[in-house]
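Novice: Sequence first, then the predicted structure, then my questions.
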Amino acid sequence: MVFFLTMPFPLRAFLFTLLRSFVIIIAAVALNQFEVSPLPDWILSLFVYAMHFSITFLFAVWALAGRLPSRGHVIWLFVLFLVGGTACEMGLYVFLAHPRFTDLFRGFNLQSLVLLALYAIAITLAVQRARKQNRDKGMPEGLSGG
């Protein structure tokens, strides 16, 4: 883990983007076999949204570990997680399915926008968490914002 803490932030964020995309794809494939028949179908959708949010938040926290996130770090994280993650997932889809170019963009719908919004919220909360931890670290004991 020390190796990740000492590398330049853009490289670190890129590696965590790849890992995050891989985990999301594995989880999505695993959920294809998940059956919720006694429960309403919206339960599975809610679970999928919570899973995407949790994975993104966790990887953003790990990417920011040990750093006070500056505006540049936040921009790198947003660009790599939102744009890079989407490109990684689309690249895997192209590799596996060999679709036409227009088919790539037909898959984007309201659900895709909700997921991108959830990713943005998760990254924002991870940045706020990192800033709070760094702020509390500098305070005398007993005065942390707990």
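Specialist: That came in fine, so what should we check first? Residues are numbered from 1 along each chain as shown.

Novice: low pLDDT regions in this structure?
Specialist: 1-5, 139-146 (pLDDT under 70).

Novice: Now with 90, please.
Specialist: The model of the chain has pLDDT under 90 over residues 1-10, 22, 25-45, 47-48, 65-70, 85-113, 133-146.

Novice: hey, which helix is longest across it?
Specialist: Using DSSP state H to define each element, the chain has its longest helix at helix 110-137.

Novice: Name the residues of that helix that come out as buried.
Specialist: Across helix 110-137, burial judged by 16 or more other C-beta atoms under 10 Å covers Leu115, Leu116, Leu118, Tyr119, Ala122, Ile123, Ala126, Val127, Ala130. Glycine gets a C-beta too; all of them are placed from N, C-alpha and C.

Novice: cool, and stretch 75-90?
Specialist: Result for stretch 75-90 [16+ other C-beta under 10 Å]: buried residues Trp76, Leu77, Phe78, Leu80, Phe81, Leu82, Gly84, Gly85, Thr86, Cys88, Glu89.

Novice: For these, give me a markdown table that also has distance to Gly107 and secondary structure.
Specialist: A markdown table is the format used below for these (distance: C-beta to C-beta, whole Å; DSSP: H, G, I helix; E, B strand; the rest coil):
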| residue | distance to Gly107 | secondary structure |
| --- | --- | --- |
| Trp76 | 26 | helix |
| Leu77 | 25 | helix |
| Phe78 | 22 | helix |
| Leu80 | 21 | helix |
| Phe81 | 19 | helix |
| Leu82 | 16 | helix |
| Gly84 | 18 | helix |
| Gly85 | 15 | helix |
| Thr86 | 11 | helix |
| Cys88 | 15 | helix |
| Glu89 | 10 | helix |
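
Novice: nearest to Ala28, of those residues?
Specialist: Glu89 (9.0 Å; C-beta to C-beta).
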